[in-house]
Each structure stands twice: as C-alpha cells, then as structure tokens.
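Q: Let me see the structure of the following:
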Amino acid sequence: MTTAPVKDQRRLLDLQALDTRAAKLAHQRRTLPVLATLAELEGRAEDLHRAQVEAKTLASDTRRELAKAESDVEQVRSRAARHQAKLDAGTGLSRELVALQDEVAQLAKRQAVLEEAQLEVMERLEAAEARVADLDTQEKAIAADVERHAAERDAAFATIDGELAEVAAERSRVAGEIGDELLDLYEYARRRTGGLGAVALHGHRTDGAQADFSLSELAAIDAAAPEEVLTSEAHGYVLVRLDDAR
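A: Numbers count the residues shown, from 1 in each chain. This next block holds a predicted model:
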C-alpha cells in the first residue's frame, strides 16, 4: 500500500492540470490551420516546379528544333543564291543553265516548305516560352504565399513554445514538491492511460474522467485513511479525494 500526505496527493491535481495544458498546447501546435495551408501551398509549389521543368525542357528542345529549321532554310537559300549567280552570269553550256534553272525552281519550292515549317516551330517556341513565363509568375506568387504563411506559423510556434516553456518550468517546480513514490505512481498511470495520471474524487464521483467503481472499490474508498493513496482498478490513475461527501 502506498501512502502520501494529503497535500501531496492533492498537488497531483495541479501537476495533472499542467500536463493537460501542455498536451493541449502540443496538440494546438501540431494542428495549427496554417500548417494545412502551408502543406497545400508546398504541394502546389512542387507541382508547379515539375511543370516548369517540363516547360523549360520543351522550350529548350524547341529552340534547338528552330535552330535546325533556320539552318535548313539558310542552306537552301545559299544554294539557290549560288545557282542564281551562275544563271545571272550566263556562263556555261545551255543545258547546264537549264538544269540550274530547274534546280533553282525546286529550291524555291523547298525553301517555301522549310520556311513554313520554320514559322510553325517559331509559333510553338513562342507558346513554350509564354508557358515558362506564366509558370515563373505562378511560382513567385506561391513562394511569396509560402513565405507569408511560414512567418505566421513561426510566430504561432513562438507563442505556443513560450507557453510550453512556462508550463514545463511550473511542472518542474510542482513535481519537486511531491514525494518520489507518489510521483512515480502518477507517471506510471500517465503512461498507461496516455496522459491521465490523477483524477479528483468527490465522495464516489470523479471529475475529469468517467469511472465506474465496483462495490469493493467503493468500500475501499470509504474505508481508506486520508494518507492512503487510492488508484482506479480499471485504469490505474490516482484517485485524489477532495472531500468526504458520499
């Protein structure tokens, strides 16, 4: 049987209040609405980053495609210009000049096809670069939102952490006023129940937790000396008697 001074037993309720407050603050810290907002923003930022990588890759590929198209057009133009220069000079056999005329005509058709393809690539590049610019604008806007909400989160964390530090300091002081055996019993109950170590008991009625006592427990409660430490058979938490009402 564990015994402890009545004042120590009642001090457990102060300790429990502090532990409950700390648990609520920790829960508040984990569930701040701004955390969900930040998670959503960061998810959108990741999506935008992936889209931007794809858009920049497409734009880069299209630039190379345009460079190739421009080179093809330039080669045809140069070849046509050389042939035209020979025709303008009028040197060479007549059949050679006729062949040159035919090739210049074919080159003109080829150039028209290549220039049309070049134009199509230019239009695609313009669209790709516009997509990159749009995504860049979106990324900057998201980054600004993340920074703003992160500052809000940090401010909330600082406030809660300050309160937690105050609670921890007070808890340390209160725990230091309680005997080791009683404190160990309380801590064991808290681990067992997931946070509840002591419950106020008014006669046969508990505060802060529902407890159904067996007849033997009720008899033990009625018969226990004030210094005797009572615990719940079902849950293990310490029952702190506050009066003799039945």
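
Q: secondary structure element for the spatially most central residue of the chain?
A: When CA atoms, centre = their mean is applied to the chain, the residue found nearest the centroid is Ala39 (3.2 Å). Using DSSP states H and E, Ala39 falls within helix 33-89.

Q: Packing partners of that helix?
A: Packed against helix 33-89 by the contact rule (3 or more CB pairs under 8 Å, 6 or more residues apart in numbering; DSSP states H and E) you find helix 94-175. Placement of C-beta: from N, CA and C, glycine included.

Q: how near is the residue lying closest to Val132 once chain neighbours are set aside to Arg124?
A: Leaving aside its sequence neighbours, Val132 sits nearest to Ala55 (CB to CB, 6 or more residues apart in numbering; 4.8 Å). Ala55 sits 12 Å away from Arg124, going by CB to CB, to the nearest Å.

Q: Between those two, which has more neighbouring residues?
A: Between Ala55 and Arg124, counted using other CB atoms under 10 Å, the more crowded position is Ala55 (20 against 16).

Q: My read is that Arg171 contacts Leu18, right?
A: Yes - Arg171 lies in contact with Leu18 (CB atoms under 8 Å); the separation is 4.5 Å.

Q: out of these two, which sits in the more crowded spot?
A: Between Arg171 and Leu18, counted using other CB under 10 Å, the more crowded position is Leu18 (20 against 17).

Q: my hunch is that the more buried one is in a helix, does that hold up?
A: Yes - counting by DSSP: H, G, I helix; E, B strand; the rest coil, Leu18 is part of a helix.

Q: Let me see the contact set for it.
A: Shown in contact with Leu18 (CB atoms under 8 Å, 6 or more residues apart in numbering): Val167, Glu170, Arg171, Val174.

Q: Domain map for this structure?
A: As assigned by automatic domain parsing, the chain contains the domains 6-26+179-243, 32-169.

Q: Put together CSV for those, with mean pLDDT on each row.
A: Below are those laid out as CSV (pLDDT from 0 to 100):
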stretch, mean pLDDT
domain 6-26+179-243, 92
domain 32-169, 92
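
Q: Return the most buried member of the ones you listed.
A: Most buried of the domains of the chain by mean neighbour count (mean count of other CB atoms under 10 Å) is domain 6-26+179-243; its value is a mean of 16.

Q: how long is that domain end to end?
A: For domain 6-26+179-243, the first-to-last residue distance is 11 Å (CA to CA, to the nearest Å).

Q: for stretch 212-227, same thing?
A: Note: stretch 212-227 ends 23 Å apart using CA to CA.
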